[in-house]
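Peer 1: Got a sequence here, can you model it:
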Amino acid sequence: MFAFLIVIIAIIAVLLTLVVLLQSGKGGGLAGIASGGATTQILGSRQAPDFLEKATWTLATAFIILCILSNFVIGPDQGAGSVIQQQSQSGQLDAPVLPPPAGTESPAATDSAPAPDGNGQ
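Peer 2: This next block holds a predicted model:
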């Protein structure tokens with residue numbers, strides 16, 4: 001069921017992208033306010049939304065609802081926690097080995113290196 005919902009969500013996402021890209025722009029934004037005709041468009045009555053706008057709202061609503069519903073149909077094996085928690089429980093998480101901070105000598109370097117004398121030899 002979860003895989004089916006993910007496929008439907010992916011199809012809706014592609015359709016939503018196409019519908020948004022097919023819509024024409026509404027105008028020049030702030031630049032359109034300066035011209036006289038644009039103010040009557042902004043302050044005037046709004047026409048009924050066209051097909052593409054209705055499709056956008058419908059697809060966006062379906063997308064959000066299916067994303068929320070997909071959280072409730074995740075099986076127990078799919079929602080066992082984060083990847084880090086799963087790796088630490090199985091013992092696969094290794095601590096990284098970091099080099100010593102600059103300016104400090106490692107114990108191995110102090111044992112094998114001769115002590116410098118004042119002559120630089």
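Peer 1: Going by C-alpha atoms from here, please, whenever you check contacts or count neighbours.
Peer 2: OK.
Peer 1: Show the average pLDDT along stretch 11-24.
Peer 2: For stretch 11-24, the mean per-residue pLDDT is 90.
Peer 1: where does V73 fall, phi/psi-wise?
Peer 2: phi -110, psi 10 (degrees, to the nearest 10).
Peer 1: ok, it - how many residues close by?
Peer 2: Number of residues near V73 (other Cα atoms under 10 Å) recorded here: 14.
Peer 1: List the contacts of it.
Peer 2: 1-2 (Cα atoms under 8 Å, 6 or more residues apart in numbering).
Peer 1: For A102, see how far away it is.
Peer 2: To A102, V73 is 51 Å away according to Cα to Cα, to the nearest Å.
Peer 1: ok, now I12?
Peer 2: I12 sits 54 Å away from A102, going by Cα to Cα.
Peer 1: So between the two, which is more surrounded?
Peer 2: I12 (17 against 6).
Peer 1: these two touch, right, the more buried one and I65?
Peer 2: No: I12 lies out of contact with I65 (Cα atoms under 8 Å); the separation is 11.4 Å.
Peer 1: quick one, what contacts Q23?
Peer 2: 52-53.
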